[in-house]
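> How does the following fold in three dimensions:
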Amino acid sequence: MFNMKKFLIIILLSFSVLFPITVAAGPTDPPVTTVTLINPLGGTAEKPQGLTDIRVLIGNIIAGAMGVVGSLVLMAFVYGGFLWLTSAGNTEKVKKGLDTMMWAAIGLFLIFGAYAILNLVLEAIGATGGPSPVAPIMSEVPEKEKEYQCLCEENNQSSVKAAIDQQDCEQNNQSGGANCKWEEKLNGS
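Okay, the predicted model is just below:
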């Protein structure tokens, strides 16, 4: 018979070898690092959040599905043409090939019609699907459309001075003793 005490001691020793107890070390702990996950739906290293709008996601999925269905129609055309060309005068194979191509053409028109209607609906709700995985979002005004001004402060009074570019504005600092900055114009100013 086996001894229960010996069995428990063996179990405890094996667990102590396999799972050693660690003591908190304190100041020698490694630094904490943060992990940023990149969204697989269009995320990049610069913009890890990627695609977050469900409407655009659905639009992209439907547009991709339409591309797959269009490829299947092309394969049906090729198959129908193959049947027709290899019929060797057999009227049954010729009819089968022509029927396959006719139904593929009808399917193609239905797909184009469905895609046109779907595209109108998606544009109406603001979900434009397309070949790009991320819908472009314009959050900033392009640099060429921004307007700048030379804002100067002299004797605790602010004024706008005439300047062509940033270098011309900064020359006002040296010549007039004013503190001038090249800043973007706010709307309405």
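> My guess is residue 84 contacts residue 102. True?
No - using CB atoms under 8 Å, residue 84 is not in contact with residue 102; the gap is 11.1 Å. In this view, the C-beta of every residue, glycine as well, is placed from N, C-alpha and C.
> Could you check which of those two has the larger neighbour count?
For residue 84 versus residue 102, neighbours defined as other CB atoms under 10 Å are more numerous around residue 84 (17 against 11).
> give me every residue that touches the more buried one.
93-94, 97-98, 101 (CB atoms under 8 Å, 6 or more residues apart in numbering).
> run the last query once more with 10 Å
Remark: with contacts taken as CB atoms under 10 Å, 6 or more residues apart in numbering, residue 84 is in contact with 93-101.
> after the helix or strand hosting residue 97, next one along is what?
Following DSSP states H and E, one finds residue 97 within helix 91-125. Tracing the chain past helix 91-125, the next element assigned as helix or strand by DSSP H and E is strand 148-154.
> got the CA coordinates for stretch 40-52 in PDB?
C-alpha atoms of stretch 40-52 as PDB (Å, rounded to 0.1, in the frame of the first residue of the first chain):
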ATOM      1  CA  PRO A  40      -6.900  45.200 -38.500                       C
ATOM      2  CA  LEU A  41      -9.600  47.200 -40.300                       C
ATOM      3  CA  GLY A  42      -7.400  49.800 -41.800                       C
ATOM      4  CA  GLY A  43      -5.200  50.700 -38.900                       C
ATOM      5  CA  THR A  44      -1.600  51.900 -39.400                       C
ATOM      6  CA  ALA A  45       1.300  52.600 -37.000                       C
ATOM      7  CA  GLU A  46       0.500  56.300 -37.300                       C
ATOM      8  CA  LYS A  47      -3.300  55.900 -36.900                       C
ATOM      9  CA  PRO A  48      -3.800  52.700 -35.000                       C
ATOM     10  CA  GLN A  49      -7.600  53.100 -34.400                       C
ATOM     11  CA  GLY A  50      -8.300  52.400 -38.200                       C
ATOM     12  CA  LEU A  51     -11.800  52.100 -39.400                       C
ATOM     13  CA  THR A  52     -14.300  52.800 -36.600                       C
END
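> Which secondary structure element of the protein has the lowest mean pLDDT?
Using mean pLDDT, DSSP states H and E, helix 166-176 stands out as the lowest-scoring helix or strand of the chain, at a mean of 66.
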